[in-house]
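Peer 1: Quick one, what's the 3D model for this:
(one chain, ligands or ions: 1)
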Amino acid sequence: MSASDFVRIVEVGPRDGLQNEAAEVSTATKIALIDRLSACGFPVVEATSFVSPRWVPQMADAAAVLGGIARRDGALYPVLVPNEKGLERALAAGVREIAVFTAASDAFNRRNINCDIDESLRRLAPVVARAVADGLWVRGYISTVLGCPYQGRVPVNDVVRVVKALDAMGCAEISLGDTIGVGTAKKARAMLEACATEVPMARLAVHFHDTYGQALANVYACLEAGVRVVDASVAGLGGCPYAQGASGNLASEDLVYQLHGLGMNTGVELDALCDTARWINAELSREPASKLARIANERRFAG
Ligand SMILES: CC(C)(COP(=O)([O-])OP(=O)([O-])OC[C@H]1O[C@@H](n2cnc3c(N)ncnc32)[C@H](O)[C@@H]1OP(=O)([O-])[O-])[C@@H](O)C(=O)NCCC(=O)NCCSC(=O)C[C@@](C)(O)CC(=O)[O-]
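Peer 2: Next up is the predicted model:
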């Protein structure tokens, strides 16, 4: 990997991070979080999701959140969309970027979206087709790429099959999610490389949860394999409501520290990000899950 490479970080905290919070987070706090992350320089901030509020009540205010944010020129603000109803709501809210999602495991999909993989692909095809026809940027997520909380091991071929299906549908980017953070570096790299035999590496992203403390090592292995899009969540917020035991995402500030230390560019301002991590931790009355947010003078050794 070349030191000067740009790594595009997709900041998923306002969606993946907050969706699992038990206590209701106010719309004002969600808006302030997105605006602060925009100001840190993230090129992509996943803002919210237009899923069923019966399933994920925390995201019920999606339209109000989008209506309140200050969009930074050039930044993308995708939202999760599970079905045609979600797309209708997102379009009505003026969304220009969406993310659809499925999994490499039937068992997880049934808990998360109430259908198996094949049915999810049938449902998503018209959603993606319409979004692409309307000129929207569409990202596809695949959960459980390195293990499923219900099924256990997930064969790489099952991941590759779903990658091919999302690519054929028209997804511009496909994010490979280790939903429960069980992956290790060698397996993560092998899975990514298998996917890259079907879809160019430039259109693949990696999305690690840090449940087993492997996320940064997995990112490093995948950077060596050529990936340049990495998902992360400020303060390591997160966890999936339908994957018990899944801890937060890889913390954005720990990732930025790593990437800048490797000489890579992200466009993200680390001090402002650490301030934002401390701020959202205080708002949510949480202890920082990231290493960086615990350190007062993170800048001294950065870069
Ligand atoms: C997919 C469904 C809707 C199926 O849910 P269902 O119950 O099978 O669907 P339904 O069509 O029978 O709808 C049930 C009710 O929800 C309504 N509804 C239906 N759709 C919508 C919508 N879009 N917006 C608003 N309302 C909606 C619908 O109108 C109906 O309302 P009722 O008539 O009963 O009052 C549901 O299972 C769902 O919303 N699941 C989302 C779960 C979720 O958000 N999980 C977290 C995101 S995935 C994730 O975090 C992983 C990721 C991406 O980060 C990567 C990784 O780490 O792995």
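Peer 1: Return the set of buried residues in the one helix or strand Lys85 maps to.
Peer 2: Here Lys85 is covered by helix 84-92, with elements defined by DSSP states H and E. If you call a residue buried by 16 or more other Cβ atoms under 10 Å, then helix 84-92 has these buried ones: Gly86, Leu87, Arg89, Ala90, Leu91. All C-beta spots, glycine's among them, are computed from the backbone N, C-alpha and C.
Peer 1: Kindly reformat the residues you listed as TSV containing pLDDT and distance to the ligand.
Peer 2: Formatted as TSV, the entries for the buried residues of helix 84-92 read as follows, by pLDDT from 0 to 100; distance: Cβ to the nearest ligand atom, whole Å:
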residue	pLDDT	distance to the ligand
Gly86	98	3
Leu87	98	8
Arg89	98	6
Ala90	98	9
Leu91	98	12
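Peer 1: Okay, the nearest residue to Asp158 once chain neighbours are set aside and Ala32: tell me how far apart.
Peer 2: Leaving aside its sequence neighbours, Asp158 sits nearest to Ala104 (Cβ to Cβ, 6 or more residues apart in numbering; 4.6 Å). Between Ala104 and Ala32 the computed distance is 35 Å (Cβ to Cβ, to the nearest Å).
Peer 1: Looking at those two, which is more packed in?
Peer 2: Ala104 (29 against 18; other Cβ atoms under 10 Å).
Peer 1: so what's that one up against?
Peer 2: Ile117, Ile142, Ser143, Thr144, Val145, Cys148, Val154, Asp158, Val159, Arg161, Val162 (Cβ atoms under 8 Å, 6 or more residues apart in numbering).
Peer 1: same thing with Ala28?
Peer 2: Neighbouring residues of Ala28 by Cβ under 8 Å, 6+ apart: Gly68.
Peer 1: which non-adjacent residue is nearest Ala232?
Peer 2: In this structure, Ala232 finds its nearest non-sequential neighbour in Ser252, 4.1 Å apart by Cβ to Cβ, 6+ apart.
Peer 1: Show me what the nearest residue to Ser105 once chain neighbours are set aside is bridged to.
Peer 2: Spatial nearest neighbour of Ser105, excluding adjacent residues (Cβ to Cβ, 6+ apart): Cys148 at 3.8 Å. Here Cys148 shows beta-bridge partners Gly152, assigned using DSSP bridges.
Peer 1: hang on, isn't Cys148 packed against Ala107?
Peer 2: Yes. Under the criterion of Cβ atoms under 8 Å, Cys148 makes contact with Ala107 at 5.9 Å.
Peer 1: Between these two, which is the more surrounded one?
Peer 2: Cys148 (24 against 16).
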